[in-house]
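**Student:** Give the three-dimensional model of this entry:
(4 chains)
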There are 2 protein chains.
Amino acid sequence: MPKSREPLSTRRVLQAALALADSGGTDSLSMRHLGRELGVEAMSLYRHVANKEAVLDGIVDLVVDEIDLPGDDSDWKAAMRRRGETAHRVLTRHPWAPALLMSRTNTGPAMLRYIDFTLGVLRGAGFSWRLADYAWNTMDSYVYGFTLRRLNFPIAAADYADTAAAYEYLLAGGRYPHMAELTRQVAEGHHPGDPDITFGLDLILDGLEHLRDREAAP
Amino acid sequence: MPKSREPLSTRRVLQAALALADSGGTDSLSMRHLGRELGVEAMSLYRHVANKEAVLDGIVDLVVDEIDLPGDDSDWKAAMRRRGETAHRVLTRHPWAPALLMSRTNTGPAMLRYIDFTLGVLRGAGFSWRLADYAWNTMDSYVYGFTLRRLNFPIAAADYADTAAAYEYLLAGGRYPHMAELTRQVAEGHHPGDPDITFGLDLILDGLEHLRDREAAP
DNA sequence: CACCCTTGCTTACGTCGTAAGCTTACACTG
DNA sequence: CAGTGTAAGCTTACGACGTAAGCAAGGGTG
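**Tutor:** Purely as a prediction, here's the structure:
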C-alpha cells in the first residue's frame, strides 16, 4: 500500500467511487468507505464533491461515457442496434448503474453527447423531429428497462434450465398454469428461456423504419 | 386518553407502509416512521414482518395487485395494450414503485397472477411458448422502463414547452446541436415533446403480431 | 516576516436497520 | 381460583449512515 498520497481531486474521487460501486454495489458506496479507500477521512471528500448525490451523478456519467458511439455508419439501423447493444454491455459491466441511470435526472456531458449523437443518426436517416424524439425514447426505455430487469433476474443465463426447476414450488397447486407450463418448456429444452436484448431491439427498429416510411409518404 | 388500537397484523403494517411510501416516497419509509404512524415502536413491527426487505416486497406486490386484468377480450392486441396502459397508470399513481419493482426479484402472488394472465392471452392468440415469453418480457421491459424514465423526467408534461427553455443553457455553445434544435422545435410548438406510452406500445405489439404470423407460416 | 487560502481532520448530531432481552396481557389449564 | 404459557409490544443498544461546523497545518504570496 503506497502511503504517499497524491492530492485528491474531483476526478480521483469519482474514479474511486466508480471502482467501489463496481466491486460492491451501491450499498458499499458510502462517503466513509470511499474516504477509507482513498486514505482520507470522509469529510475531506466534501472539498471536491458537493455531496453524495453529486458522486452518484458523477459515476453515472462516467459509465455513460464508456458507451462507445458507433463511427460513421451509413446504415442507421445497424448504428442504432449497435448503440443499444453497447449500452447494454456497458451497463451490465456496472450492474449498479441502470437503477441510478433511470431514477435520477442525468444531464452530464457524456449523456448529452450520447443523446445528441442518436438524434443525429435518426435525423440523418430521414426521421422527423417528432419521430426521432419518440424513437430514441422508446429505444432507451426498452434498453434500460431490459437491462435492469435482466440484472435482477434471479436465474443466471447459463444455467437457466437447471435453476428454473428450483422455482417450481411457486407454481405448484395449479394457480399459475401458464407459468408452470412455460417453466416446463424451458426445463425440457424446448425453449432457451434466455431473453436476448436483440429480440426487442430489432423489433423496435423494424417498427420505427416502418413508421418513418409511412410518415414520408402519407 | 389511550387510543384503543386494534392489534397490528402483517396486512395492516403493509397497508400503512404503502400509504407512507405514497405520501413521501421511499425515503420516508423507515421502520421507525412506520411504527410511529401505527402508534407503535419500530421494533414491534418485526413481530409481523421479517425485515424491511419484506416490507418493500410486500408493498410492491400490493401495487401490482392494483393492476386490473382486462376481462375476456377476444382481441389479444387490445388486451395487451390495455394491460400496458393500466400498469403504467397504476405505477404512475405510486411513483416510488417502478424502481423497486425493477430492481428486486418479485415473486409475490399478484405478480405471478399478472404474468400468468399475460402468457394466457398470448398463447390464446397463437404465440409459441418461446415467442410468448419474449413478447411479455419485451413489453414489460418497455412499460416499466418508460414509466420509470418518465417519472424522473425533470419537466412535467403539462408545461413542457415552457420549462424546456429553462434547460437551454445546457445546450448553449453548440456542443449538442441536435438536442438544441429539438428543444427549439418543442419550444416553438412544432412537436409536442411529450412522449406517450402508447407510441412504443403499439410499435411493439404490431411487431409481435408480425413475428407471430411469420412464425406460423414459415 | 505576516498573511490567507487550500486541503484535510475532528467532533458532533440526528438518522437508519435490527439484535437481544424484557414486560405486559390474556387464554388456557388444573 | 392460582398457575402457566405465549404472543404482542417495549426498551436499550450497536454500528452504520450523510453531513454541518469548526479547526489545524502547510505553502504561496505580499
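**Student:** Least confident secondary structure element in chain A?
**Tutor:** helix A:160-164 (a mean of 64; mean pLDDT, DSSP states H and E).
**Student:** How confident was the prediction at A:F146?
**Tutor:** In this prediction, A:F146 carries a pLDDT score of 98.
**Student:** Count the neighbours of it for me.
**Tutor:** The burial metric for A:F146, expressed as a neighbour count using other Cβ atoms under 10 Å in any protein chain shown, is 27. Placement of C-beta: from N, CA and C, glycine included.
**Student:** Quick check: which element contains it?
**Tutor:** helix A:129-151 (DSSP states H and E).
**Student:** Also compute the angle for that helix relative to helix B:129-151, please.
**Tutor:** With axes from the mean of the first three to the mean of the last three Cα atoms, to 10 degrees applied, the angle from helix A:129-151 to helix B:129-151 works out at 110 degrees.
**Student:** Could I have the CA atoms of helix A:129-151 written out in PDB?
**Tutor:** Output in PDB follows, covering the C-alpha atoms of helix A:129-151 (Å, rounded to 0.1, in the frame of the first residue of the first chain):
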ATOM      1  CA  TRP A 129     -38.000  15.600 -35.200                       C
ATOM      2  CA  ARG A 130     -41.100  14.300 -33.600                       C
ATOM      3  CA  LEU A 131     -40.500  10.700 -34.700                       C
ATOM      4  CA  ALA A 132     -36.800  10.900 -33.900                       C
ATOM      5  CA  ASP A 133     -37.600  12.000 -30.400                       C
ATOM      6  CA  TYR A 134     -40.100   9.300 -29.800                       C
ATOM      7  CA  ALA A 135     -37.700   6.800 -31.400                       C
ATOM      8  CA  TRP A 136     -34.800   7.300 -29.100                       C
ATOM      9  CA  ASN A 137     -37.000   7.500 -26.100                       C
ATOM     10  CA  THR A 138     -38.600   4.200 -27.000                       C
ATOM     11  CA  MET A 139     -35.300   2.600 -27.600                       C
ATOM     12  CA  ASP A 140     -33.800   3.700 -24.400                       C
ATOM     13  CA  SER A 141     -36.900   2.900 -22.300                       C
ATOM     14  CA  TYR A 142     -36.500  -0.600 -23.700                       C
ATOM     15  CA  VAL A 143     -32.800  -0.900 -23.400                       C
ATOM     16  CA  TYR A 144     -32.500   0.400 -19.900                       C
ATOM     17  CA  GLY A 145     -35.600  -1.500 -18.800                       C
ATOM     18  CA  PHE A 146     -34.500  -4.700 -20.300                       C
ATOM     19  CA  THR A 147     -31.000  -4.400 -18.700                       C
ATOM     20  CA  LEU A 148     -32.300  -3.500 -15.300                       C
ATOM     21  CA  ARG A 149     -34.800  -6.400 -15.300                       C
ATOM     22  CA  ARG A 150     -32.100  -8.700 -16.600                       C
ATOM     23  CA  LEU A 151     -29.700  -7.900 -13.900                       C
END
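**Student:** right, is whatever helix or strand comes next after the least confident helix or strand of chain A up against chain B?
**Tutor:** The helix or strand immediately downstream of helix A:160-164 is helix A:168-171, counting by DSSP H and E. Yes: contact between helix A:168-171 and chain B is present through A:L170, A:L171 (criterion: Cβ under 8 Å from any Cβ of the partner chain).
**Student:** Helix A:168-171 packs against which elements?
**Tutor:** In this structure, helix A:168-171 packs against helix A:177-187, with contacts taken as 3 or more Cβ pairs under 8 Å, 6 or more residues apart in numbering or on different chains; DSSP states H and E.
**Student:** and the helix it packs on, what does it pack onto?
**Tutor:** Going by 3+ Cβ pairs under 8 Å, 6+ apart, helix A:177-187 lies up against helix A:160-164, helix A:168-171, helix B:109-124, helix B:129-151.
**Student:** hey, which of those helices is tucked in deepest?
**Tutor:** Mean neighbours per residue, mean count of other Cβ atoms under 10 Å in any protein chain shown, is largest over the helices and strands packed on helix A:177-187 for helix B:129-151, with a mean of 23.
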